[in-house]
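1. show me the folded form of this:
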Amino acid sequence: MVLAVRLRKARALPAGLALALAAPLLSACFAEPTPHEAVSQFLVGWQSGDYAAAAERTDGDPKAVRKALEDASLQLDAASIRFSIKGLTSDGDNADAKFRVQVDLGDNNPIWSYDNDLPLHVVDGSWKVRWSSKVIHPQLGEGQRFAVKVSPEGDQPIRQPIEDRNGDALQQDATLYLAGVYPDRVKDPVGVCERLFQLTGFAQDRLLARIRSAPPQDFVPLVTFGAKKYAQLLDRLEEIGPDLVIEKQAQPVAPAQPADIIGRVGAITAETMQQLGGPQRAGDTIGQGGLQKAYQEQLTGSTGTEVITYDLKTGEQVAELARWPGRTDTTSVRTTIDKGVQRSADLAVSGQSAALLLAVDAPTGQIRAVASKGFDQLSDGLNGRFPPGTTFSIVAADGLLAAGLDPGQKLPCPADRTVGGARFQQAQAQSTPQPQTTGQPQPTGQPQAEPPAGDTPTVTAGFAQGCVTALASLARRVNATALTQSAARFGIGQDWRLPLRTFSGSVPAAAGDAAKAKIIAGQSVRVSPLSMALVAGALASGTWRPPTLVTSPATPDTDSEVAPAPAPRPVTLAAESLTKLRALMRAGVTSGSATAAAAPGEKVYGVSSAVTFTETDSGKKRQRHLNWFVGWQGDMAVAVLAETGDATVAPQIAGQFFRNARTAA
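-> Here you go, the predicted model:
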């Protein structure tokens, strides 16, 4: 078998190594009976796969030598073999060449290097290699063969679990099906590999090479199937016959909620094999998203490799020639998720509307739950980009209060107002917001509740009711820098350094009153539910803290030599402003748009907003109606996002969650 045409990936060896053999060939002009030409021609023939030419330079039977050299390459499943001559000595009709062998075991396995001696003597006036099996390796005896053993007994890394904050697993065991063979029992290895290639796409020659290089009596897993795929292919697998053996293996691969955050796990496929950075085999698993993918190396490590010799008669191992243990120091991943809180969140979003609830622990910023129906917990909950509507006014209020705004100041809430040339309209009480016709995403405002008899509209009332026209008018009371600084104090626009992709929010530059008004009203701003839950957590605890999802290990183990940048530092909010901000949030539940978040006697803080905006997806525009709630009860801060025109849904979900969580506790 010619190595040059084998369909596998071989490493590029250092240039000096390849030239070490070529140099004497180019410059040598030795004639027999000197041994140089015999050494060079033998090693070149072996290296290039011209085993017949190599055999001619030995004193052994040409057919036997040719077969021994070819078998050695097959048994090692070698991507390439390289040689470098280290020295040559001669004494009369005998000589000895010292050379180094470097075998690329391929498939991300290490390069195996060893030194050997090449004995020579003169036969009928020509130098010949004195043939024995030790020419191939000094420890390879007659009647023995090489084998490459992957993950020897006791060294197979088992996928570790992802855990919640209390150490409970966030996935369940699922059965994987390993299709493989026992090399010394299989009658038609070529046929088995051909059929598996047709079913899976795994390269036929790679499967066959794995069989030929494995210890004869060991089970060699070739392909792994999940339960669904196995059921689909069962009849066709059975048609392959008794040569193919199916073994079951339980692995923790079925994610519990939050499933999108935890991530799903799949079996190694022909495609994913190329994505992995270490020696892998069937039976290994790969994270396909979420934390399972981010922490792949910590959860699984990498398989070990041994080069060994076996006795062909007894089938017993004779010697271990080389060993690479792989990475076996696998660790579980401890998250901040609380299974009890997660169950409460899952129940709360189980209604008719598509909804997402993200809960954080206010004193720490730790993510306790991400529950969803019709939303993706990762791409929408952590990395979503949504207009927050008037719920963002709580962030803007921080800057407004610093600028001297009095929450008790009179502030009318007209149906229509123009600020700096931009028109704002306050939606009337209704279950479905009116569509907007402007090109920019335009929140509709919050359905306006009537103030109590005798009350005069104030800043507090406008905030509690989510009156977009009232809030927009405050743009003249604050400069753009103050708004930007307030957003930064609440972590908007910062790099949170979570192990998963997240969006902390964005606030555009504001050149005039119209731009500032759109920021205060949450029209031009973009946030994720996580960023808004952290805003609520900052108001509840008095300090904004960056989010935490994983507590151990702190960061995914990567090959990067650059230390990751530290997470943002906590920001303590000004005490005077904090008292006023909390009062505004309390008003949102007691007399404002978020009253559905609390039953009588329940101390809940929060605001709600209805948003209608147009987004472009794959070149097509669609209008979306969203309903937000941002608030907290006790130490549990939440952001709820519902896909509905009913402005009461998000507060109702939040209220149900708070009650569920209290009951569970």
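
2. what's the pLDDT at the residue most central in space within the chain?
-> The C-alpha lying nearest the average C-alpha coordinate of the chain belongs to residue 293 (C-alpha atoms, centre = their mean; 2.6 Å). Predicted confidence (pLDDT) for residue 293: 91.

3. that one - nearest residue in space that isn't next to it in sequence?
-> residue 287 (3.7 Å; C-beta to C-beta, 6 or more residues apart in numbering). Where you see a C-beta, it was placed from the backbone N, CA and C, and this is true even at glycine.

4. returning to that earlier point: element containing the residue nearest to the centre of the chain, please.
-> helix 290-294 (DSSP states H and E).

5. got the CA coordinates for the helix or strand following that helix in CSV?
-> The element immediately downstream of helix 290-294 (helix or strand, assigned by DSSP H and E) is helix 296-300. In CSV, the C-alpha atoms belonging to helix 296-300 read as follows (Å, rounded to 0.1, in the frame of the first residue of the first chain):
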residue,chain,number,x,y,z
GLN,A,296,-15.9,20.0,25.4
GLU,A,297,-12.3,19.5,26.5
GLN,A,298,-13.0,19.7,30.2
LEU,A,299,-16.0,17.4,30.0
THR,A,300,-14.4,14.7,27.8
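
6. which elements pack onto helix 296-300?
-> strand 285-287 (3 or more C-beta pairs under 8 Å, 6 or more residues apart in numbering; DSSP states H and E).

7. distance from the chain centre to the strand it packs on, please.
-> 9 Å (C-alpha atoms, centre = their mean, to the nearest Å).

8. quick one: strands adjacent to the helix or strand where residue 97 lies?
-> Using DSSP H and E, residue 97 maps to strand 94-104. Taking DSSP bridges as the criterion, strand 94-104 sits next to strand 80-91 (antiparallel), strand 111-123 (antiparallel) in its sheet.

9. adding mean neighbour count, write those strands out as a markdown table.
-> Listed next are those as a markdown table, based on neighbours: other C-beta atoms under 10 Å:
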| stretch | mean neighbour count |
| --- | --- |
| strand 80-91 | 16 |
| strand 111-123 | 16 |
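
10. one step back: what separates the strand holding residue 97 from the chain centre, distance-wise?
-> The answer for strand 94-104 is 45 Å, by C-alpha atoms, centre = their mean.

11. then stretch 307-319?
-> The chain centre lies 40 Å from the centre of stretch 307-319; the measure is C-alpha atoms, centre = their mean.

12. ditto for stretch 196-208
-> How far stretch 196-208 lies from its chain's middle: 27 Å, per C-alpha atoms, centre = their mean.

13. go through it and flag the buried ones.
-> For stretch 196-208, a neighbour-count test (16 or more other C-beta atoms under 10 Å) marks 196, 197, 199, 200, 202, 204, 205, 206, 207, 208 as buried.

14. for stretch 570-585, same thing?
-> For stretch 570-585, a neighbour-count test (16+ other C-beta under 10 Å) marks 573, 577, 578, 580, 581, 582, 584, 585 as buried.

15. element containing the second one?
-> Secondary structure assigned from DSSP H and E places residue 577 in helix 575-590.

16. who touches that helix?
-> Residues outside helix 575-590 that contact it (C-beta atoms under 8 Å, 6 or more residues apart in numbering) are 394, 397-398, 401-402, 407, 460-461, 463-464, 466, 536, 539, 542, 573, 594-595, 597-598, 604-608, 631.

17. out of the residues you listed, which are buried?
-> Among the contacts of helix 575-590, those classed as buried by 16+ other C-beta under 10 Å are 394, 397-398, 401-402, 407, 460-461, 463-464, 466, 536, 539, 573, 594-595, 597-598, 604-608, 631.

18. for the stretch 251-400 of the chain, which segments are assigned as helices?
-> With DSSP state H, counting those that start in this stretch, the ranges of helices along the stretch 251-400 of the chain come out as 259-262, 290-294, 296-300, 339-348, 393-402.

19. by mean pLDDT, show me the worst of those.
-> helix 296-300 (a mean of 85).

20. what is the distance between that one and the centre of its chain?
-> 10 Å.

21. list the buried residues for that helix?
-> Within helix 296-300, the residues that count as buried by 16+ other C-beta under 10 Å are 296, 297, 298, 299, 300.
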